[in-house]
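J.: Build me a structure from this.
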Amino acid sequence: MKEKYLISSDMDATFLRNDQSISDRTVSYISSLVNKGHHFIINTGRPHQGAVKFLKRLSIHEPMIVNNGTAIVWYDQDYEKVEKYITFHMNIDILKSLIKETKHAFGSVFVTSIFDEYTNSYDSLPFFVKHPSPLVNIHEGDVEELLKTPPIKVEFRIKEEYKDEFIKRLNEAKYKDEFDYIYWGDYDNISSFELSKKGVNKGSAMEYLLSLYSIKKENSFSFGDQLNDLPMIEKSSYGVAMISSRSEVISKAKYISSYDNNNDGVIMFLKDIIKE
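T.: Residues are numbered from 1 along each chain as shown. The predicted structure follows:
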């Protein structure tokens with residue numbers, strides 16, 4: 001039996017070109033790999049409704065790792081609805097406690113569940129987190145009161161003067177043991193934080209699929225360009241930073257692509273390794 005590979009790829013600035021398109025050459029190559037029994041997994045920070053159009057463009061029916069590893073979803077044959085899903089969610093009561101204790105500090109909070117999104121102020125959210133869809137219900141108001149479904153990811157936009165206080169709060173035992181967080185930086189006097197369940201990330205979700213499909217770690221590829229991609233890059237045998245990645249990612253990756261996302265960097269790397 002031929003060895004099977006699992007290829008896990010970030011989307012933006014990695015697999016997608018800057019204009020959000022996928023080349024015909026890439027579509028053809030990925031379809032060929034999947035038809036031979038390999039697995040190509042979209043592994044993105046986007047929610048499922050914001051990523052499924054790219055799965056459809058590839059014409060493959062593979063699971064997608066979404067929301068930075070906090071959920072894995074399978075769409076139906078028509079790419080119109082979620083057929084099944086797995087979530088790695090946070091404790092809802094602990095999250096509500098954090099929201100209650102930090103209301104004075106955030107400009108906005110955005111909680112993602114698999115079919116629900118909760119925010120105190122939808123209009124103030126940055127455009128790149130908004131992926132409206134009939135598949136997902138948006139609840140706006142007091143998030144502590146509205147939140148009813150298992151939360152998988154939370155984005156806090158903290159007023160910059162409260163940033164240190166918020167980080168100190170996250171490092172308290174009751175929150176440190178429940179959440180991991182990414183600090184995305186400051187913009188326009190707002191500090192952005194993304195929270196997920198402790199130990200849950202793009203890499204842990206990729207490992208789940210390696211086990212599900214009985215694929216050996218040495219047959220795993222990961223491609224990415226940002227800090228949230230590092231867990232999968234570091235856990236893959238072929239952990240690849242795109243040539244245009246930020247320096248922290250390049251310094252920790254085992255491999256660097258020879259081509260960027262606008263020149264089919266992902267498949268050009270794969271073609272050098274997978275010889276069939």
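
J.: these two touch, right, residue 249 and residue 227?
T.: Yes. In this structure, residue 249 is within contact of residue 227 by Cβ atoms under 8 Å, at 6.7 Å. Using the backbone N, CA and C atoms, a C-beta is placed for each residue, glycine as well.

J.: quick one, which of those two is more surrounded?
T.: Neighbours of residue 249 and residue 227, each counted by other Cβ atoms under 10 Å, are more numerous for residue 249; the result is 22 against 15.

J.: so when I look at that one, I'm seeing a helix, right?
T.: Yes. Counting by DSSP: H, G, I helix; E, B strand; the rest coil, residue 249 falls inside a helix.

J.: contacting residues for residue 81?
T.: The contact partners of residue 81, by Cβ atoms under 8 Å, 6 or more residues apart in numbering, come to 75, 135.

J.: Stretch 41-61 spans what distance, first to last residue?
T.: Across stretch 41-61, the straight-line distance between its terminal residues is 10 Å, by Cα to Cα, to the nearest Å.

J.: Which positions within it qualify as buried?
T.: By neighbour count, with 16 or more other Cβ atoms under 10 Å as the criterion, the buried positions of stretch 41-61 are 41-52, 54-55, 58, 60.

J.: just checking, which of these belong to strands?
T.: Among the buried residues of stretch 41-61, the members found in strands (DSSP state E) are 41, 42, 43.

J.: Residue 215: which of those residues is nearest?
T.: residue 41 (10.8 Å; Cβ to Cβ).

J.: From residue 69, how far out is the closest one?
T.: Taken as Cβ to Cβ, to the nearest Å, the spacing of residue 41 relative to residue 69 amounts to 11 Å.

J.: quick one, domains of the chain?
T.: When the chain is parsed into structural domains using automatic domain parsing, the resulting residue ranges are 6-87+200-273, 92-197.

J.: Show the average pLDDT along the last one.
T.: Think domain 92-197. Summarised as a single mean, pLDDT over domain 92-197 is 96.

J.: now swap in stretch 18-25 and tell me
T.: The pLDDT scores in stretch 18-25 average 96.

J.: Now do it: distance from first to last residue.
T.: End-to-end distance of stretch 18-25 (Cα to Cα): 16 Å.

J.: Same check on stretch 166-181?
T.: For stretch 166-181, the end-to-end distance is 11 Å (Cα to Cα).

J.: would you list every one of the helices in the stretch 101-250 of the chain?
T.: If DSSP state H, counting those that start in this stretch is used as the criterion, the helices of the stretch 101-250 of the chain fall at 143-146, 163-170, 173-176, 202-212, 230-235, 247-252.

J.: Tabulate those (CSV), appending distance to residue 2.
T.: Compiled in CSV, those are given as follows (distance: least, Cβ to Cβ, whole Å):
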stretch, distance to residue 2
helix 143-146, 49
helix 163-170, 46
helix 173-176, 45
helix 202-212, 17
helix 230-235, 23
helix 247-252, 31
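
J.: Pick the most buried one from those helices.
T.: Highest mean neighbour count among the helices of the stretch 101-250 of the chain (mean count of other Cβ atoms under 10 Å): helix 230-235, with a mean of 22.

J.: gap between it and the chain center?
T.: Its chain's C-alpha centre lies 12 Å from the corresponding centre of helix 230-235 when counted by Cα atoms, centre = their mean, to the nearest Å.

J.: which non-adjacent residue is nearest residue 170?
T.: Sequence neighbours aside, residue 181 is the residue nearest to residue 170 in space, at 5.8 Å (criterion: Cβ to Cβ, 6 or more residues apart in numbering).

J.: can you check residue 249 too?
T.: Distances taken as Cβ to Cβ, 6+ apart put residue 241 closest to residue 249, at 4.6 Å, once the chain neighbours are dropped.

J.: which residues touch residue 253?
T.: Remark: with contacts taken as Cβ under 8 Å, 6+ apart, residue 253 is in contact with 233, 239, 240, 241, 245.
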